[in-house]
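> Provided below for reference: sequence and predicted model.
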Amino acid sequence: MQLTSWQTLAIILAVAAGTQLTRWLPFLLFPEKKQPPAWVTDLGKLLPPAMMGLLVVYCLRNVTWLSAPHGAPELIAIAAVALLHWWKGNVLLSIAGGTVLYMVLVQAVFA
């Protein structure tokens with residue numbers, strides 16, 4: 001299906017508006033001098049580990065545990081992410097390091 005120029009423009013504007021709304025809404029709802037509600041603070045503490053757990057489950061969903069390599073690349077990469085995060089405490093470094101290690105494992109070591 002081919003989109004018209006107007007449809008493409010409408011999609012771009014809708015995505016841009018949605019992006020701007022999600023970027024500015026927190027600042028409008030919770031100004032710097034106003035304390036956010038307790039539930040917002042609680043969500044800020046709860047959601048990052050919950051999302052990491054969700055990503056781990058998502059990454060392991062198609063692993064075949066009963067045939068070679070028995071999930072070894074995934075488990076090694078998960079351990080590397082955990083160790084990097086424990087060592088440096090940097091989420092970006094942990095995820096990037098685990099991703100690079102996983103790609104090396106599945107493309108060179110366990111290929």
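That came in fine, so what should we check first?
> Distance check, Val81 against Lys33.
38 Å (C-beta to C-beta, to the nearest Å). For glycine as for every other residue, the C-beta is placed from the backbone atoms N, C-alpha and C.
> Between these two, tell me which one has more neighbours.
Neighbour count, other C-beta atoms under 10 Å: between Val81 and Lys33, Val81 has more, with 23 against 5.
> give me the element the more buried one is part of.
Take DSSP states H and E as the rule and Val81 turns out to sit in helix 72-88.
> Can I get that helix as CSV, trimmed to CA atoms?
Extracted in CSV, the C-alpha atoms of helix 72-88 (Å, rounded to 0.1, in the frame of the first residue of the first chain):
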residue,chain,number,x,y,z
ALA,A,72,24.6,-20.9,26.7
PRO,A,73,25.1,-17.6,24.7
GLU,A,74,22.1,-16.0,26.4
LEU,A,75,23.1,-17.1,29.9
ILE,A,76,26.7,-15.9,29.4
ALA,A,77,25.5,-12.6,28.0
ILE,A,78,23.1,-12.1,30.9
ALA,A,79,25.9,-12.9,33.4
ALA,A,80,28.1,-10.4,31.6
VAL,A,81,25.4,-7.7,31.8
ALA,A,82,24.9,-8.4,35.5
LEU,A,83,28.7,-8.3,36.2
LEU,A,84,29.3,-5.1,34.2
HIS,A,85,26.4,-3.4,36.0
TRP,A,86,27.6,-4.5,39.4
TRP,A,87,31.2,-3.4,38.6
LYS,A,88,30.5,-0.1,36.9
